[in-house]
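Q: Sequence and predicted structure are below.
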Amino acid sequence: LPVLAVVGRPNVGKSTLVNRIIGRREAVVEDRPGVTRDRVTYEAEWAGRRFKVVDTGGWEQDVLGIDAAVAAQAEYAIEAADAVVFVVDAKVGATDTDEAVVKLLRRAGKPVVLCANKVDGPSGEADAAALWNLGLGEPFPVSSLHGRGTGDLLDAVLEALPEAPAQSFGGGPAGPRRVALIGRPNVGKSSLLNKVAGEDRVVVDATAGTTRDPVDELVELAGRTWKFVDTAGIRRRVHLQEGADYYASLRTAAALEKAEIAVVLIDASETISVQDTRIISMAVDAGRALVIAYNKWDTLDEERRYYLEREIEQDLVQVRWAPRVNLSARTGRHLEKLVPAIDTALAGWETRVPTGRLNAFLGELVASHPHPVRGGKQPRILFGTQAGVRPPRFVLFASGFLEAGYRRFIERRLREEFGFEGTPIHLSVRVRE
Ligand code: GDP
(Lines give C-alpha, C1' and ligand atoms only; values in the text may rest on other atoms or scores of the structure.)
Protein backbone atom coordinates (compact mmCIF):
# COMPACT_ATOMS: atom_id res chain seq x y z
CA LEU A 1 0.00 0.00 0.00
CA PRO A 2 1.13 3.56 -0.62
CA VAL A 3 2.33 5.38 2.47
CA LEU A 4 1.26 8.79 3.69
CA ALA A 5 3.27 10.54 6.38
CA VAL A 6 1.77 13.26 8.52
CA VAL A 7 4.41 15.67 9.71
CA GLY A 8 4.46 18.96 11.57
CA ARG A 9 5.54 20.73 14.73
CA PRO A 10 4.26 19.67 18.15
CA ASN A 11 0.68 20.71 18.94
CA VAL A 12 -0.34 21.57 15.40
CA GLY A 13 -2.90 18.75 15.61
CA LYS A 14 -1.22 15.90 13.75
CA SER A 15 -2.65 13.10 15.84
CA THR A 16 -6.16 14.56 15.75
CA LEU A 17 -5.85 14.71 11.99
CA VAL A 18 -4.58 11.15 11.82
CA ASN A 19 -7.56 10.02 13.84
CA ARG A 20 -9.81 11.80 11.40
CA ILE A 21 -8.12 10.16 8.47
CA ILE A 22 -8.33 6.68 9.88
CA GLY A 23 -11.87 7.35 11.08
CA ARG A 24 -11.38 6.05 14.58
CA ARG A 25 -11.88 7.91 17.77
CA GLU A 26 -10.30 5.43 20.08
CA ALA A 27 -6.94 5.87 18.42
CA VAL A 28 -6.40 9.09 20.30
CA VAL A 29 -2.84 9.51 21.39
CA GLU A 30 -2.07 7.55 24.48
CA ASP A 31 -0.01 9.55 26.83
CA ARG A 32 2.26 7.05 28.36
CA PRO A 33 4.80 9.11 30.25
CA GLY A 34 8.34 8.00 29.88
CA VAL A 35 7.66 6.04 26.76
CA THR A 36 8.62 7.63 23.52
CA ARG A 37 6.30 6.21 20.96
CA ASP A 38 7.85 4.97 17.84
CA ARG A 39 6.23 5.89 14.61
CA VAL A 40 2.77 4.40 14.43
CA THR A 41 1.25 3.15 11.23
CA TYR A 42 -2.44 2.80 10.56
CA GLU A 43 -4.42 1.61 7.59
CA ALA A 44 -6.89 4.04 6.12
CA GLU A 45 -9.36 4.10 3.31
CA TRP A 46 -10.80 7.00 1.39
CA ALA A 47 -13.01 6.92 -1.68
CA GLY A 48 -12.41 3.21 -2.02
CA ARG A 49 -8.62 3.47 -1.96
CA ARG A 50 -6.52 2.12 0.85
CA PHE A 51 -3.24 3.49 2.08
CA LYS A 52 -1.05 3.57 5.16
CA VAL A 53 -0.81 6.55 7.43
CA VAL A 54 2.24 7.19 9.52
CA ASP A 55 1.62 9.30 12.59
CA THR A 56 4.86 10.97 13.59
CA GLY A 57 3.25 12.64 16.58
CA GLY A 58 5.15 10.48 19.01
CA TRP A 59 8.42 12.02 17.99
CA GLU A 60 7.46 15.29 19.53
CA GLN A 61 8.71 14.45 22.97
CA ASP A 62 11.91 13.22 21.54
CA VAL A 63 14.99 13.94 23.57
CA LEU A 64 16.41 15.51 20.45
CA GLY A 65 14.55 18.71 21.07
CA ILE A 66 11.69 20.05 19.06
CA ASP A 67 13.50 21.22 15.97
CA ALA A 68 15.51 18.06 15.64
CA ALA A 69 12.40 15.93 16.18
CA VAL A 70 10.49 17.76 13.50
CA ALA A 71 13.42 17.43 11.13
CA ALA A 72 13.51 13.70 11.85
CA GLN A 73 9.83 13.42 10.91
CA ALA A 74 10.50 15.19 7.67
CA GLU A 75 13.45 12.99 6.94
CA TYR A 76 11.41 9.89 7.61
CA ALA A 77 8.67 11.17 5.33
CA ILE A 78 11.18 11.90 2.63
CA GLU A 79 12.65 8.46 2.84
CA ALA A 80 9.68 6.22 3.35
CA ALA A 81 6.49 7.97 2.36
CA ASP A 82 4.91 8.30 -1.06
CA ALA A 83 3.25 11.53 -0.07
CA VAL A 84 3.30 13.89 2.86
CA VAL A 85 0.66 15.88 4.66
CA PHE A 86 2.42 18.82 6.22
CA VAL A 87 0.35 20.21 9.07
CA VAL A 88 0.69 23.85 10.01
CA ASP A 89 -1.23 25.64 12.74
CA ALA A 90 -3.04 28.33 10.75
CA LYS A 91 -3.73 30.35 13.88
CA VAL A 92 -0.03 30.62 14.63
CA GLY A 93 1.12 30.88 11.04
CA ALA A 94 4.34 29.54 9.59
CA THR A 95 7.23 29.49 12.03
CA ASP A 96 10.93 29.19 11.29
CA THR A 97 10.73 25.49 12.04
CA ASP A 98 7.93 25.15 9.50
CA GLU A 99 10.01 26.98 6.92
CA ALA A 100 12.94 24.67 7.56
CA VAL A 101 10.74 21.60 7.04
CA VAL A 102 9.41 23.07 3.81
CA LYS A 103 12.97 23.31 2.52
CA LEU A 104 13.67 19.68 3.34
CA LEU A 105 10.44 18.50 1.76
CA ARG A 106 10.88 20.58 -1.34
CA ARG A 107 14.38 19.35 -1.94
CA ALA A 108 13.14 15.76 -1.71
CA GLY A 109 10.48 16.28 -4.33
CA LYS A 110 7.84 14.14 -2.63
CA PRO A 111 4.29 15.34 -3.21
CA VAL A 112 3.16 17.49 -0.30
CA VAL A 113 -0.37 18.40 0.70
CA LEU A 114 -0.44 21.44 2.93
CA CYS A 115 -2.90 21.22 5.79
CA ALA A 116 -3.84 24.56 7.38
CA ASN A 117 -5.17 23.20 10.63
CA LYS A 118 -7.30 24.77 13.36
CA VAL A 119 -9.46 26.65 10.91
CA ASP A 120 -12.51 26.26 13.10
CA GLY A 121 -14.61 29.05 11.67
CA PRO A 122 -14.88 31.39 8.71
CA SER A 123 -12.42 33.82 10.30
CA GLY A 124 -9.73 31.19 9.97
CA GLU A 125 -9.92 31.13 6.19
CA ALA A 126 -7.69 34.18 5.93
CA ASP A 127 -5.12 32.53 8.21
CA ALA A 128 -5.18 29.52 5.93
CA ALA A 129 -4.77 31.63 2.81
CA ALA A 130 -1.68 33.27 4.34
CA LEU A 131 0.06 29.89 4.06
CA TRP A 132 0.23 30.19 0.29
CA ASN A 133 3.50 31.96 1.18
CA LEU A 134 5.13 28.65 2.00
CA GLY A 135 5.21 27.89 -1.71
CA LEU A 136 3.68 24.43 -1.30
CA GLY A 137 0.58 25.21 -3.32
CA GLU A 138 -2.94 25.45 -2.02
CA PRO A 139 -3.33 25.32 1.75
CA PHE A 140 -6.30 23.13 2.66
CA PRO A 141 -8.23 24.75 5.50
CA VAL A 142 -9.06 22.03 8.00
CA SER A 143 -10.46 21.69 11.45
CA SER A 144 -9.19 18.31 12.55
CA LEU A 145 -11.08 18.73 15.74
CA HIS A 146 -14.45 19.16 14.04
CA GLY A 147 -13.61 17.27 10.87
CA ARG A 148 -14.26 20.23 8.61
CA GLY A 149 -12.24 20.24 5.41
CA THR A 150 -10.75 16.81 5.87
CA GLY A 151 -12.70 15.48 2.88
CA ASP A 152 -11.12 17.93 0.46
CA LEU A 153 -7.74 17.33 2.06
CA LEU A 154 -8.09 13.59 1.56
CA ASP A 155 -9.14 14.07 -2.03
CA ALA A 156 -5.88 15.93 -2.58
CA VAL A 157 -3.98 13.21 -0.74
CA LEU A 158 -5.39 10.57 -3.07
CA GLU A 159 -4.26 12.62 -6.02
CA ALA A 160 -0.78 12.82 -4.57
CA LEU A 161 -0.50 9.12 -3.72
CA PRO A 162 0.42 6.64 -6.42
CA GLU A 163 -2.57 4.69 -7.69
CA ALA A 164 -3.12 1.54 -5.69
CA PRO A 165 -3.16 -1.46 -8.03
CA ALA A 166 -6.04 -3.83 -8.72
CA GLN A 167 -9.14 -1.71 -8.37
CA SER A 168 -12.44 -3.46 -8.73
CA PHE A 169 -12.89 -1.96 -12.17
CA GLY A 170 -10.58 -3.67 -14.60
CA GLY A 171 -9.57 -1.75 -17.65
CA GLY A 172 -9.37 1.58 -15.86
CA PRO A 173 -11.44 4.66 -16.49
CA ALA A 174 -9.80 5.40 -19.84
CA GLY A 175 -11.23 2.40 -21.71
CA PRO A 176 -14.67 2.21 -23.27
CA ARG A 177 -17.62 2.52 -20.93
CA ARG A 178 -18.96 -0.83 -19.85
CA VAL A 179 -22.68 -1.25 -20.32
CA ALA A 180 -24.85 -4.07 -19.03
CA LEU A 181 -27.99 -4.41 -21.10
CA ILE A 182 -30.33 -6.31 -18.84
CA GLY A 183 -33.99 -7.15 -18.54
CA ARG A 184 -36.22 -10.18 -18.35
CA PRO A 185 -36.52 -12.54 -21.32
CA ASN A 186 -38.32 -11.24 -24.42
CA VAL A 187 -38.18 -7.56 -23.55
CA GLY A 188 -36.08 -7.06 -26.67
CA LYS A 189 -32.47 -7.01 -25.49
CA SER A 190 -31.20 -8.97 -28.43
CA SER A 191 -33.23 -6.89 -30.88
CA LEU A 192 -31.91 -3.68 -29.37
CA LEU A 193 -28.32 -4.84 -29.41
CA ASN A 194 -28.62 -5.89 -33.05
CA LYS A 195 -30.26 -2.63 -33.95
CA VAL A 196 -27.69 -0.36 -32.32
CA ALA A 197 -24.65 -2.46 -33.04
CA GLY A 198 -25.57 -3.76 -36.46
CA GLU A 199 -22.71 -5.57 -38.09
CA ASP A 200 -20.10 -3.17 -36.72
CA ARG A 201 -19.79 -4.96 -33.48
CA VAL A 202 -16.54 -6.51 -32.39
CA VAL A 203 -16.51 -9.49 -30.13
CA VAL A 204 -13.91 -8.87 -27.48
CA ASP A 205 -13.67 -12.01 -25.49
CA ALA A 206 -15.41 -14.80 -27.26
CA THR A 207 -14.66 -17.87 -25.29
CA ALA A 208 -16.07 -20.54 -27.54
CA GLY A 209 -18.32 -23.02 -25.90
CA THR A 210 -21.55 -22.91 -24.07
CA THR A 211 -23.97 -20.04 -23.87
CA ARG A 212 -22.87 -19.48 -20.29
CA ASP A 213 -19.62 -17.94 -21.46
CA PRO A 214 -19.62 -14.21 -21.15
CA VAL A 215 -18.89 -12.32 -24.33
CA ASP A 216 -18.13 -8.64 -24.37
CA GLU A 217 -18.73 -6.72 -27.56
CA LEU A 218 -17.42 -3.36 -28.65
CA VAL A 219 -20.15 -1.26 -30.19
CA GLU A 220 -19.92 2.12 -31.93
CA LEU A 221 -22.63 4.48 -30.72
CA ALA A 222 -22.83 8.21 -31.29
CA GLY A 223 -19.25 8.23 -32.51
CA ARG A 224 -17.86 6.52 -29.44
CA THR A 225 -16.94 2.99 -28.53
CA TRP A 226 -18.87 1.20 -25.82
CA LYS A 227 -18.33 -2.19 -24.33
CA PHE A 228 -21.50 -4.20 -23.91
CA VAL A 229 -20.65 -6.82 -21.33
CA ASP A 230 -21.82 -10.41 -21.21
CA THR A 231 -23.79 -10.32 -24.41
CA ALA A 232 -23.64 -14.07 -25.03
CA GLY A 233 -26.81 -14.65 -23.10
CA ILE A 234 -28.51 -11.83 -24.94
CA ARG A 235 -27.77 -13.02 -28.44
CA ARG A 236 -28.14 -16.74 -28.10
CA ARG A 237 -31.66 -17.27 -26.98
CA VAL A 238 -31.45 -19.81 -24.28
CA HIS A 239 -34.68 -21.68 -24.05
CA LEU A 240 -35.74 -21.21 -20.59
CA GLN A 241 -36.92 -24.01 -18.48
CA GLU A 242 -36.73 -24.90 -14.87
CA GLY A 243 -34.23 -22.93 -12.89
CA ALA A 244 -34.09 -20.44 -15.70
CA ASP A 245 -34.87 -17.57 -13.40
CA TYR A 246 -31.98 -18.51 -11.23
CA TYR A 247 -29.54 -18.62 -14.14
CA ALA A 248 -30.95 -15.46 -15.62
CA SER A 249 -30.37 -13.63 -12.37
CA LEU A 250 -26.87 -15.07 -12.07
CA ARG A 251 -26.14 -13.74 -15.52
CA THR A 252 -27.58 -10.37 -14.64
CA ALA A 253 -25.47 -10.23 -11.50
CA ALA A 254 -22.34 -11.19 -13.43
CA ALA A 255 -22.98 -8.52 -16.06
CA LEU A 256 -23.58 -5.91 -13.38
CA GLU A 257 -20.36 -6.87 -11.70
CA LYS A 258 -18.42 -5.96 -14.82
CA ALA A 259 -20.42 -2.92 -15.87
CA GLU A 260 -20.38 0.72 -14.94
CA ILE A 261 -23.90 1.36 -16.11
CA ALA A 262 -27.02 -0.76 -16.37
CA VAL A 263 -29.53 -0.18 -19.13
CA VAL A 264 -32.61 -1.98 -17.92
CA LEU A 265 -34.98 -2.79 -20.72
CA ILE A 266 -38.66 -3.10 -19.94
CA ASP A 267 -41.37 -4.32 -22.30
CA ALA A 268 -43.72 -1.36 -22.21
CA SER A 269 -46.50 -3.34 -23.86
CA GLU A 270 -46.85 -5.56 -20.81
CA THR A 271 -47.61 -4.87 -17.18
CA ILE A 272 -44.48 -4.08 -15.23
CA SER A 273 -43.67 -7.25 -13.32
CA VAL A 274 -41.92 -8.25 -10.14
CA GLN A 275 -39.13 -9.58 -12.33
CA ASP A 276 -38.63 -6.12 -13.84
CA THR A 277 -38.46 -4.43 -10.46
CA ARG A 278 -36.15 -7.13 -9.14
CA ILE A 279 -33.71 -6.54 -11.97
CA ILE A 280 -33.77 -2.81 -11.32
CA SER A 281 -33.10 -3.44 -7.64
CA MET A 282 -30.13 -5.60 -8.55
CA ALA A 283 -28.65 -2.74 -10.56
CA VAL A 284 -29.24 -0.26 -7.74
CA ASP A 285 -27.84 -2.60 -5.10
CA ALA A 286 -24.78 -3.18 -7.25
CA GLY A 287 -24.26 0.58 -7.17
CA ARG A 288 -24.34 1.04 -10.92
CA ALA A 289 -25.51 4.01 -12.92
CA LEU A 290 -28.98 3.32 -14.26
CA VAL A 291 -31.04 4.08 -17.36
CA ILE A 292 -34.50 2.61 -17.84
CA ALA A 293 -35.58 2.00 -21.42
CA TYR A 294 -39.19 1.20 -22.26
CA ASN A 295 -39.17 -0.93 -25.40
CA LYS A 296 -41.81 -1.87 -27.97
CA TRP A 297 -43.17 1.66 -27.87
CA ASP A 298 -44.41 1.13 -31.43
CA THR A 299 -47.11 -1.21 -30.14
CA LEU A 300 -48.57 1.04 -27.44
CA ASP A 301 -52.05 2.47 -27.74
CA GLU A 302 -53.31 5.34 -25.68
CA GLU A 303 -54.86 3.18 -23.02
CA ARG A 304 -51.70 1.16 -22.47
CA ARG A 305 -49.66 4.33 -22.27
CA TYR A 306 -51.99 5.61 -19.56
CA TYR A 307 -51.66 2.46 -17.50
CA LEU A 308 -47.92 2.28 -18.03
CA GLU A 309 -47.48 5.71 -16.47
CA ARG A 310 -49.51 4.63 -13.46
CA GLU A 311 -47.48 1.45 -13.09
CA ILE A 312 -44.27 3.44 -13.23
CA GLU A 313 -45.55 5.80 -10.55
CA GLN A 314 -46.54 2.91 -8.39
CA ASP A 315 -43.76 0.39 -8.85
CA LEU A 316 -40.75 2.46 -9.83
CA VAL A 317 -40.93 5.50 -7.56
CA GLN A 318 -37.69 4.55 -5.82
CA VAL A 319 -35.82 5.00 -9.08
CA ARG A 320 -37.57 8.06 -10.42
CA TRP A 321 -34.10 9.63 -10.63
CA ALA A 322 -33.17 7.29 -13.46
CA PRO A 323 -33.20 8.78 -16.97
CA ARG A 324 -35.89 7.24 -19.08
CA VAL A 325 -36.07 6.49 -22.79
CA ASN A 326 -39.19 5.34 -24.64
CA LEU A 327 -37.93 3.46 -27.65
CA SER A 328 -38.58 0.78 -30.18
CA ALA A 329 -35.89 -1.65 -31.14
CA ARG A 330 -38.05 -2.59 -34.10
CA THR A 331 -38.65 0.81 -35.69
CA GLY A 332 -35.60 2.55 -34.27
CA ARG A 333 -37.71 5.15 -32.51
CA HIS A 334 -35.70 7.28 -30.04
CA LEU A 335 -32.64 5.06 -30.21
CA GLU A 336 -30.61 8.25 -30.53
CA LYS A 337 -31.77 9.20 -27.02
CA LEU A 338 -30.06 6.25 -25.44
CA VAL A 339 -26.52 7.63 -25.40
CA PRO A 340 -27.47 11.03 -23.94
CA ALA A 341 -29.37 9.20 -21.20
CA ILE A 342 -26.35 7.00 -20.51
CA ASP A 343 -24.08 10.05 -20.40
CA THR A 344 -26.38 11.80 -17.94
CA ALA A 345 -26.44 8.79 -15.66
CA LEU A 346 -22.67 8.33 -15.77
CA ALA A 347 -22.16 12.01 -14.99
CA GLY A 348 -24.39 11.68 -11.93
CA TRP A 349 -22.57 8.53 -10.93
CA GLU A 350 -19.24 10.36 -10.96
CA THR A 351 -20.34 13.62 -9.38
CA ARG A 352 -18.22 14.81 -6.51
CA VAL A 353 -19.45 17.57 -4.26
CA PRO A 354 -16.67 19.57 -2.63
CA THR A 355 -16.82 19.28 1.14
CA GLY A 356 -17.22 23.02 1.58
CA ARG A 357 -20.25 23.19 -0.68
CA LEU A 358 -21.76 20.13 0.89
CA ASN A 359 -21.50 21.56 4.37
CA ALA A 360 -22.87 24.93 3.33
CA PHE A 361 -25.85 23.04 1.92
CA LEU A 362 -26.22 20.84 5.01
CA GLY A 363 -25.96 23.85 7.30
CA GLU A 364 -28.86 25.56 5.56
CA LEU A 365 -30.85 22.37 5.48
CA VAL A 366 -30.43 21.73 9.19
CA ALA A 367 -31.39 25.32 9.96
CA SER A 368 -34.53 25.33 7.80
CA HIS A 369 -35.60 21.72 8.38
CA PRO A 370 -34.29 20.47 11.70
CA HIS A 371 -34.73 16.85 12.68
CA PRO A 372 -37.85 16.36 14.81
CA VAL A 373 -37.29 16.25 18.54
CA ARG A 374 -37.26 12.70 19.87
CA GLY A 375 -37.28 11.86 23.55
CA GLY A 376 -36.45 15.44 24.42
CA LYS A 377 -33.42 15.42 22.14
CA GLN A 378 -32.86 16.84 18.74
CA PRO A 379 -30.25 15.06 16.66
CA ARG A 380 -28.25 17.45 14.54
CA ILE A 381 -26.05 16.89 11.52
CA LEU A 382 -22.65 18.24 12.50
CA PHE A 383 -20.98 17.92 9.14
CA GLY A 384 -20.79 15.70 6.14
CA THR A 385 -18.37 14.60 3.52
CA GLN A 386 -18.54 12.72 0.26
CA ALA A 387 -16.49 9.61 0.81
CA GLY A 388 -16.60 8.35 -2.73
CA VAL A 389 -18.01 8.32 -6.22
CA ARG A 390 -19.27 5.68 -8.65
CA PRO A 391 -21.74 5.81 -7.00
CA PRO A 392 -21.65 8.86 -4.73
CA ARG A 393 -21.24 7.91 -1.08
CA PHE A 394 -21.84 10.36 1.72
CA VAL A 395 -20.96 10.12 5.36
CA LEU A 396 -22.86 12.36 7.73
CA PHE A 397 -21.71 12.88 11.26
CA ALA A 398 -24.59 13.57 13.59
CA SER A 399 -25.12 14.15 17.28
CA GLY A 400 -27.77 11.44 17.41
CA PHE A 401 -29.59 8.80 15.42
CA LEU A 402 -31.29 10.18 12.30
CA GLU A 403 -34.55 8.48 11.51
CA ALA A 404 -35.20 6.94 8.12
CA GLY A 405 -37.68 9.57 7.01
CA TYR A 406 -35.20 12.33 7.68
CA ARG A 407 -32.45 10.45 5.82
CA ARG A 408 -34.72 10.07 2.81
CA PHE A 409 -35.48 13.76 3.01
CA ILE A 410 -31.76 14.53 2.97
CA GLU A 411 -31.22 12.28 -0.01
CA ARG A 412 -34.06 13.96 -1.86
CA ARG A 413 -32.64 17.40 -1.14
CA LEU A 414 -29.15 16.29 -2.16
CA ARG A 415 -30.59 15.23 -5.49
CA GLU A 416 -32.46 18.51 -5.93
CA GLU A 417 -29.35 20.48 -5.14
CA PHE A 418 -26.61 18.58 -6.92
CA GLY A 419 -28.30 16.53 -9.64
CA PHE A 420 -27.26 12.89 -9.25
CA GLU A 421 -29.51 11.89 -12.10
CA GLY A 422 -29.23 8.22 -12.90
CA THR A 423 -27.27 7.16 -9.87
CA PRO A 424 -28.02 5.56 -6.54
CA ILE A 425 -26.68 7.49 -3.56
CA HIS A 426 -25.30 5.90 -0.43
CA LEU A 427 -25.84 7.80 2.76
CA SER A 428 -24.37 6.63 6.00
CA VAL A 429 -24.67 8.33 9.33
CA ARG A 430 -22.14 8.15 12.09
CA VAL A 431 -23.24 9.18 15.50
CA ARG A 432 -20.66 10.99 17.53
CA GLU A 433 -20.88 10.78 21.25
P1 GDP B 1 -34.59 -10.66 -25.41
O2 GDP B 1 -35.00 -11.97 -24.87
O3 GDP B 1 -34.73 -9.60 -24.36
O4 GDP B 1 -33.28 -10.63 -26.06
O5 GDP B 1 -35.73 -10.27 -26.49
P6 GDP B 1 -35.67 -10.34 -28.09
O7 GDP B 1 -34.77 -9.26 -28.63
O8 GDP B 1 -35.39 -11.72 -28.52
O9 GDP B 1 -37.15 -9.92 -28.46
C10 GDP B 1 -38.27 -10.66 -28.04
C11 GDP B 1 -39.41 -10.42 -29.00
O12 GDP B 1 -39.84 -9.04 -28.97
C13 GDP B 1 -39.02 -10.70 -30.44
O14 GDP B 1 -40.10 -11.33 -31.08
C15 GDP B 1 -38.79 -9.30 -31.03
O16 GDP B 1 -39.05 -9.27 -32.42
C17 GDP B 1 -39.80 -8.47 -30.28
N18 GDP B 1 -39.38 -7.07 -30.17
C19 GDP B 1 -38.21 -6.60 -29.70
N20 GDP B 1 -38.20 -5.25 -29.71
C21 GDP B 1 -39.38 -4.85 -30.22
C22 GDP B 1 -39.98 -3.56 -30.47
O23 GDP B 1 -39.41 -2.49 -30.26
N24 GDP B 1 -41.25 -3.54 -30.96
C25 GDP B 1 -41.91 -4.68 -31.22
N26 GDP B 1 -43.13 -4.56 -31.71
N27 GDP B 1 -41.40 -5.90 -30.98
C28 GDP B 1 -40.16 -6.01 -30.50
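A: Arrived safely, thanks for sending. Values in this document were obtained by computation on a predicted structure and should not be read as measured data.

Q: Can you list the residue ranges for helices in the chain?
A: With DSSP state H, the ranges of helices along the chain come out as 14-22, 66-80, 96-108, 124-129, 150-160, 189-197, 232-235, 244-258, 274-285, 302-315, 338-349, 355-368, 404-418.

Q: Mind listing what's buried along the fourth one?
A: Buried positions in helix 124-129, judged by neighbour count with 16 or more other C-beta atoms under 10 Å: G124, D127, A128. Quick note: C-beta positions are derived from backbone N, CA and C, even for glycine.

Q: so which of those residues comes closest to P111?
A: Closest approach between those and P111, by C-beta to C-beta: A128, at 19.4 Å.

Q: and that closest one, what does it touch?
A: A128 makes contact with A90, A116, V119, P139, F140, P141 under the criterion C-beta atoms under 8 Å, 6 or more residues apart in numbering.

Q: Let's check: the centremost residue of this structure is which one?
A: In the chain, the residue lying closest to the centroid (C-alpha atoms, centre = their mean) is V389, at 1.8 Å.

Q: Enumerate every residue touching it.
A: Residues in contact with V389, defined by C-beta under 8 Å, 6+ apart, are A47, W349, E350, T351, R352.

Q: so H371 sits right up against E403, yeah?
A: Yes - the criterion here is C-beta atoms under 8 Å, and H371 meets it with E403 at 7.5 Å.

Q: More neighbours: the two, which one.
A: H371 (22 against 13; other C-beta atoms under 10 Å).

Q: Give me the pLDDT for that one.
A: Reported pLDDT at H371 in the predicted model: 94.

Q: Can you list phi and psi of it for me?
A: Main-chain torsions, H371, degrees, to the nearest 10: phi -60, psi 140.

Q: And T355, how close does it get to the ligand?
A: T355 sits 43 Å away from the ligand, going by C-beta to the nearest ligand atom, to the nearest Å.

Q: which residues of the stretch 51-200 of the chain score low on pLDDT?
A: 57-66, 68-69, 76, 164-174, 199-200 (pLDDT under 70).

Q: go again using 80 as the cut-off
A: Across the stretch 51-200 of the chain, the ranges flagged by pLDDT under 80 are 54-80, 108-109, 121-123, 163-175, 198-200.

Q: residues from it in reach of the ligand?
A: Residues of the stretch 51-200 of the chain lying close to the ligand by C-beta under 6 Å from any ligand atom are G183, P185, N186, V187, G188, K189, S190, S191.

Q: got those as CSV, with distance to H426 and neighbour count columns?
A: Formatted as CSV, those follow (distance: C-beta to C-beta, whole Å; neighbours: other C-beta atoms under 10 Å):
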residue, distance to H426, neighbour count
G183, 25, 25
P185, 31, 16
N186, 33, 14
V187, 28, 26
G188, 31, 23
K189, 28, 24
S190, 33, 18
S191, 34, 17
